[in-house]
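Q: turn this into a structure:
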Amino acid sequence: MSLASWTQSERGSFVLRYHRKVVLRRRLGARAMPNGPSALEESQVPVIRDDLRNVAIVAHVDHGKTTLVDAMLRQAGAFRANQEVVERVMDSMDLEREKGITILAKQTAVEFRGVRINVVDTPGHVDFGGEVERTLRMVDAVLLLVDASEGPLPQTRYVLGKALARRLPVVVCVNKVDRTDARPTEVVHEVEELFLDLDADEDQIGFPILYTNARAGRAGRRPDELAPDLGPLLEAVVATTPPPTFEPGHPLQFLVTNLDADPYVGRLAVGRLWQGEVGLGDRVGVAKRDGSLAIAKVTKIVGAIGLSRTDLDRAGPGEIVAIAGLGDVTVGETVTDPDDPRPLPVVSIDQPSVSMRFGVNTSPFAGNDGTYLTSRHLKQRLDREALGNVSIRVLPTSSPDTFEVQGRGELQLAVLVEQVRREGYELEVSKPEVITRTVDGRVQEPYEAVTLDVPEEFVGVVTQALALRRGRLANMVNHGTGWVRLELRVPARGLIGFRSALLTATRGTALLHHLFDGYDAWAGEIHDRVNGALVADRIGTTTGYALDQLQERGELFVGPGTEVYEGMVIGENARPGDMDVNPTRQKQKTNIRTHAADEAIRLVPPRQLSLEQAIERVGVDEFVEVTPSSIRLRKRVLDATARGRAAKRTRR
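A: The predicted structure follows:
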């Protein structure tokens, strides 16, 4: 369904609202940004490659991007008849499969009626928005997926805003129309309002609208009339996406937007050829960020068709490929002609808003599990991450064994810690902190636009919890289905550690989505931690007898037979303040016989903290000790006496 197929009243209402926006924006002198690299010369007539299309699939998390790519690959014949294929085949990382989200952008290609469509599957979580920003530099159009029940969410607004700013045409796809609570008509109107709010240009409002059931691999122009395959969707993609253009004889221009690795040829630079051609053995120049030019030789060119990677002898303009042999090339640099270098604009990425301290493991159990233990190993690993992920920053601190790592959110940093841990590193990380700035002598902090879907009976407890975290309610909508959508503006500090408390308060039913919403004045003190900690006061092995006495004091994180050390957090105190306890105490053996009931020990199963839960619970005076086999909470100062003196000085 496109703009031309709407009813007269719908079309008139939308066009009227749009032109009001255009008039207001023109009065304010707004100008659209150019699309793609602007290094083309007007003196030559561009040539069109009509056999190629480059498109990115963007959406909010869990709206079905990767499932739709699966269906495209299946119908394009990328799988053998007897091949066993798992769901979300593009999510190749273990962490992506475990968490059910896409972390890294991945590119594939499908053939449709003689046209090769390069499809880039992007992450949907806001913490990995840097992947989306880089992906939009490679493509000529965007396929925007929206859930037929949930509608546009914060990440939908974010990715659509980035696409419209680059003047990319958009194909809107309303997915999951088979849901019992689907409301495609209302969702389409919400998408229209979103286009108006984001000041879409005149050529961008005529977007085609398709409806899909990605799991079944069906698409259509109407939600109740789906074709047996994805043909209508692919037709709209080919018709809407402009084919790549290039100038004959123009020097090479290849923009690096991602990095990969090959065990035989080393680093691979992934990107798009905007101008010129590149072949095996060619001598090329790498335009560095500092303005210098490094000479390199192309040793390998890799392209993608379906799930396979194919070695190419030569690649032409408009193609998305990976090139090896470019040395220490990084994201944002341009591979160009060494005799006539013409670098493209460097990729611009939004600034990080959350930081954590990564340090060498200094606990008494250091070195028991990991392979890489020193600060040199840790710094090399963090530098390697910052090299390929431009949304991550690594800064030195006053301690040579500790580094400050900045990112988009605590989930992005938690994923980095989990990756480092699985590679055999031991480290300790601090509580996430927001990155503040000072403007006109006043401290400002980052804020998040929060969207919460909760059952009606939990609206009161959720709004009260967010009010304590300095959140402000902006809008509340009751869809009449028993669920209420809350839209709030909350300081980023208030969301750190909030997810676990939210799931507990709503019995695991609430859905939380948030998006960076700029900087504003410091909101004041936030008391996000009420309960203290149960801290072991000696080294040893926990016993059931001791834990049986301690479980009345609060919730335990360890069970019997666990090795502990002085200063290790073994549970959460039911009251404010920390409590030093002895979890290794054993029952004294005497000649006096006791009743059998006195000897029966019934322990409540301990709460096994995941890495994300540990990062949410860690206090300002604590660390999360991370090893390949263990995750522990510990105090920064292990000695109980020294810790007590420090607390007394703080109170004074």
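
Q: show me the shaky parts of the stretch 551-652 of the chain.
A: 590-599, 651-652 (pLDDT under 70).

Q: now the helices for it?
A: Ranges of helices within the stretch 551-652 of the chain are 596-599, 611-617, 640-651, based on DSSP state H, counting those that start in this stretch.

Q: so which of these is the most surrounded?
A: Stretch with highest mean neighbour count among the helices of the stretch 551-652 of the chain: helix 611-617 (a mean of 20; mean count of other CB atoms under 10 Å). C-beta: built from backbone N, CA, C; applies to glycine.

Q: for that helix, enumerate the helices and strands it packs against.
A: helix 410-422, helix 498-505, strand 622-626, strand 631-635 (3 or more CB pairs under 8 Å, 6 or more residues apart in numbering; DSSP states H and E).

Q: now render the ones you listed as a markdown table, adding distance to L603 and mean neighbour count.
A: Output for those, formatted as a markdown table (distance: least, CB to CB, whole Å; neighbours: other CB atoms under 10 Å):
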| stretch | distance to L603 | mean neighbour count |
| --- | --- | --- |
| helix 410-422 | 28 | 20 |
| helix 498-505 | 21 | 16 |
| strand 622-626 | 24 | 24 |
| strand 631-635 | 19 | 23 |
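
Q: could you dump those to a markdown table with distance to D199?
A: Compiled in a markdown table, the helices and strands packed on helix 611-617 are given as follows (distance: least, CB to CB, whole Å):
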| stretch | distance to D199 |
| --- | --- |
| helix 410-422 | 29 |
| helix 498-505 | 32 |
| strand 622-626 | 43 |
| strand 631-635 | 46 |
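
Q: do you know which of the ones you listed lies nearest T438?
A: The closest of these to T438 is helix 410-422. By CB to CB, the value is 23.4 Å.

Q: helices and strands around that closest one, which ones?
A: helix 94-99, strand 354-360, helix 375-388, strand 402-407, strand 427-429, helix 611-617, strand 622-626.

Q: how about these in TSV, adding distance to R632?
A: Formatted as TSV, the helices and strands packed on helix 410-422 follow (distance: least, CB to CB, whole Å):
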stretch	distance to R632
helix 94-99	21
strand 354-360	14
helix 375-388	18
strand 402-407	18
strand 427-429	9
helix 611-617	8
strand 622-626	4
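
Q: in the one helix or strand D520 maps to, what's buried?
A: Under the criterion DSSP states H and E, the helix or strand holding D520 is strand 511-521. For strand 511-521, the neighbour count (16 or more other CB atoms under 10 Å) marks 512-516, 519 as buried.

Q: between the residues you listed, which is closest to K431?
A: Closest approach between the buried residues of strand 511-521 and K431, by CB to CB: H514, at 18.5 Å.

Q: does that closest one touch T451 like I think?
A: Yes: under the criterion of CB atoms under 8 Å, H514 makes contact with T451 at 7.2 Å.

Q: identify the contacts common to those two.
A: Common contact partners of H514 and T451 (CB atoms under 8 Å, 6 or more residues apart in numbering): P154.

Q: show me where pLDDT drops low in the stretch 51-200 of the chain?
A: Flagging of the stretch 51-200 of the chain using pLDDT under 70 yields the residue ranges 77-106, 123-131.

Q: tally of neighbours for the closest residue in space to R489 that isn't next to it in sequence?
A: Nearest residue to R489, sequence neighbours excluded (CB to CB, 6 or more residues apart in numbering): R472, at 5.1 Å. A count of nearby residues for R472, using other CB atoms under 10 Å, gives 13.

Q: now do P343
A: For P343, the neighbour count with other CB under 10 Å is 21.

Q: picking that back up, need the winner for burial among the helices and strands packed on helix 410-422.
A: For these, the largest average neighbour count (mean count of other CB under 10 Å) is found in strand 427-429, namely a mean of 26.

Q: tell me the pLDDT at the residue nearest to R489?
A: pLDDT for R472: 90.

Q: ok, it - contacts?
A: R472 sits in contact with 488-490, where contact means CB under 8 Å, 6+ apart.

Q: what element comes up after the longest strand along the chain heading to the C-terminus?
A: Secondary structure of the chain per DSSP state E: the longest strand is strand 442-455. Using DSSP H and E, the helix or strand that follows strand 442-455 in sequence is helix 459-468.

Q: and the contacts of that following helix?
A: Against helix 459-468 from outside (CB under 8 Å, 6+ apart): 450, 452, 454, 473, 476, 484, 486, 488, 490, 494, 498, 501-502, 505-506, 510, 526-527.

Q: mean confidence for it?
A: Rounded mean pLDDT across helix 459-468 is 88.

Q: next one: that helix to chain centre, how far?
A: Computed by CA atoms, centre = their mean, to the nearest Å, the chain-centroid distance of helix 459-468 equals 26 Å.

Q: alpha carbons of that helix, in PDB - could you do that?
A: Only the C-alpha atoms of helix 459-468 are listed here, as PDB (Å, rounded to 0.1, in the frame of the first residue of the first chain):
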ATOM      1  CA  VAL A 459       1.400   0.900  36.400                       C
ATOM      2  CA  GLY A 460       1.500   2.400  39.900                       C
ATOM      3  CA  VAL A 461       4.500   0.500  41.200                       C
ATOM      4  CA  VAL A 462       6.500   1.100  38.000                       C
ATOM      5  CA  THR A 463       5.800   4.900  37.900                       C
ATOM      6  CA  GLN A 464       6.700   5.100  41.600                       C
ATOM      7  CA  ALA A 465      10.000   3.300  41.100                       C
ATOM      8  CA  LEU A 466      11.000   5.600  38.200                       C
ATOM      9  CA  ALA A 467      10.000   8.700  40.100                       C
ATOM     10  CA  LEU A 468      12.500   7.700  42.800                       C
END
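
Q: returning to that earlier point: from the contacts of R472, which is closest to G644?
A: Using CB to CB, the shortest approach to G644 within the contacts of R472 belongs to V490, at 34.9 Å.

Q: who is the closest one paired with across the strands?
A: Applying DSSP bridges to V490 gives these bridge partners: E448.

Q: what's the neighbour count on it?
A: The number of residues packed around V490, counting by other CB under 10 Å, is 24.

Q: wait, isn't it in contact with E448?
A: Yes: when contacts are counted by CB under 8 Å, V490 is listed as touching E448 (5.4 Å).
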